[in-house]
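Trainee: Show me the folded form of this:
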Amino acid sequence: MKFLGTTLSKGVMKRTVQITGSAIAVAVFTSLAIAYYTMPPTGFPSGTVVDIRQGMTMNEVADLLSSKGLIKSRTLFKAYATLLDGTTGVKQGEYAFYSPQSSLGVAYRLDRGLEGFPLAKVTIPEGADAAETASIISRAIPGFDAKGFMTLAKPQEGYLFPDTYFWPTNLTPQKAISDMRSVFDGKIAAISGDIASSGKSESDVIKMASIVEKEAASTTDRRIIAGILWKRLDQGMPLQVDPTLIYITGKPWSQLTVYDLATTSPYNSYKYKGLPPTPIDSPGLDAIRDTLHPTQTPYLYYLSDKSGVIHYASTLAGHVANKQKYLD
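Mentor: Okay, the predicted model is just below:
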């Protein structure tokens, strides 16, 4: 019996070794297969852009990636995407692939919404209007839909904050508008108390600030001019400022004519009293603050000489004298 027991134990051990060896072989083969099918496909199509649309199923996404040559295995990609997200979803958007990536890497990017486009630094200066902003973005990002941007931006003139933005090169007008408006809202929220205590509406403050932004470069002059313009409104005088005419004619100050002064437009502040219907540009935070905290002076008139120095007067006669002295 002892001999028989020993024989049986050896047989079991032999079969166990065989089974274990087979399991290891299967595991090694499976691991190698997974590694192989996870690796980037041969001839990875660098520079490819794919559009993952809202509502696409995981199967449709996997089919699209496979048809573009970005993944080897649809099954592995779906497994990775599910493991990463815990669901069977990926984020919509345009994705650029400039270098070979594994199926896991592709799944990770789609799960996190990492579109992969290079970023462009775009600086929008204070006082830029919608048209100037569209031109600036287009120079930094060739192919940007400037016309589409203008359509969306014009109704929000004055509320698209001038700042430095880092935008992807597939920037859409909607994204640019959303980002700039979001920054504006954040900046205004920080001074909402000042606006409330001014007794003026946010709309009127931004309209006035857009004019003040164009009229002076220093805080001192901006605050004096803001005081003059608010005073003119209070006294029922027309604002009589060139920036509103420049906004509607597109002409530089030096080319404005007497015919322009007669233009029939609510933006013609020489002909019509009150603030313009909308802001005429996007003022910076300093101009908005200066508009809210004007300097009270006896002045009602001002002009800028050929060197950019601003001269003030309390009376029309004094203003005429300044014109003759500094402009004629």
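Trainee: Pull the contacting residues for Y270.
Mentor: Contact partners of Y270, counting by Cβ atoms under 8 Å, 6 or more residues apart in numbering, are 238, 240, 245, 261. (C-beta placed from N, C-alpha, C; glycine too.)
Trainee: Quick check: mean pLDDT of stretch 161-174?
Mentor: Per-residue pLDDT over stretch 161-174 has a mean of 96.
Trainee: In it, which residues are buried?
Mentor: 161-163, 165, 167-168, 170-173 (16 or more other Cβ atoms under 10 Å).
Trainee: Repeat that for stretch 256-265.
Mentor: Quick answer for stretch 256-265 (16+ other Cβ under 10 Å): 256, 260, 263, 265.
Trainee: Repeat that for stretch 209-221.
Mentor: In stretch 209-221, counting by 16+ other Cβ under 10 Å, buried: 209-216, 221.
Trainee: just to revisit the earlier point, among the contacts of Y270, the buried ones, what's the ChimeraX command?
Mentor: Here is the ChimeraX command that selects the buried residues among the contacts of Y270 (16+ other Cβ under 10 Å):
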select :240,245
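Trainee: Let me have the contacts of Y270 in a markdown table, adding pLDDT as columns.
Mentor: Below are those laid out as a markdown table (pLDDT from 0 to 100):
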| residue | pLDDT |
| --- | --- |
| P238 | 96 |
| Q240 | 95 |
| L245 | 94 |
| L261 | 89 |
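Trainee: Of the buried residues of stretch 256-265, which is the nearest to T75?
Mentor: Nearest to T75 out of the buried residues of stretch 256-265 is S265 (Cβ to Cβ; 64.6 Å).
Trainee: residues in contact with the closest one?
Mentor: 248, 271-272.
Trainee: ranking those by neighbours, who comes first?
Mentor: Y272 (17 neighbours; other Cβ atoms under 10 Å).
Trainee: Name all residues that make contact with it.
Mentor: Contacts of Y272 (Cβ under 8 Å, 6+ apart): 238, 265-266.
Trainee: what kind of secondary structure is D51 in?
Mentor: When classified by DSSP: H, G, I helix; E, B strand; the rest coil, D51 comes out as strand.
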